[in-house]
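Visitor: my questions concern the predicted model and sequence given below.
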Amino acid sequence: MKTLTCLLAGCLAVGIVTSLWAAVDADFQTAMKGAAAAHGRIKKGVEAKASAEDIAKDADEEAQNFKKIGSYFKQNNATDALEICKQAFAAATAVSKAAKAGNMEEAAAQYKTLSGTCASCHHAHREKAADGSYSIK
């Protein structure tokens, strides 16, 4: 009877941990997709020299997503990824600040910095599977 109770308790614990991990992973994926969408809009806006207000709004959205992404990396002790995420947050904030000030040249320069942080983290921490999906290394 003790063995069965221990086995059931162990299964329950594994199930709880797995469901918590899945929730964190889903939040991470949502934040990454949100950051990517905002990033794409910023790129189009910077290239077209579009509304500074729209660029600033998208940069603020991307920065907020980097806060969520950073929380994921912090929870999973991915120190180097967290540092890159902090750099991305700072760059997205700088894009927004420059756009709000009407300095579109600076917004474009900060966008390049932002893109570089994304690329460096993806290169170091993302792995493409055979089916075309990605996972974290």
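Guide: Ah, there it is.
Visitor: flag the shaky bits of the protein, pLDDT-wise.
Guide: 1-24 (pLDDT under 70).
Visitor: mind doing that once more with 90?
Guide: 1-29, 49-50, 76-78, 118-129, 132-137 (pLDDT under 90).
Visitor: which stretches of it form strands?
Guide: Assigned by DSSP state E, the strands in the chain fall at 126-128, 134-136.
Visitor: list the contacts of the first one.
Guide: The reference is to strand 126-128. Applying Cβ atoms under 8 Å, 6 or more residues apart in numbering, the contact partners of strand 126-128 are 134-137. For every residue, glycine as well, the C-beta is placed using N, CA and C.
Visitor: ditto for the last one
Guide: Among residues not part of strand 134-136, those counted as contacts by Cβ under 8 Å, 6+ apart are 125-129.
Visitor: which residues belonging to stretch 73-90 are considered buried?
Guide: Buried residues in stretch 73-90, defined by neighbour count with 16 or more other Cβ atoms under 10 Å: 73, 78, 81-82, 84-85, 87-90.
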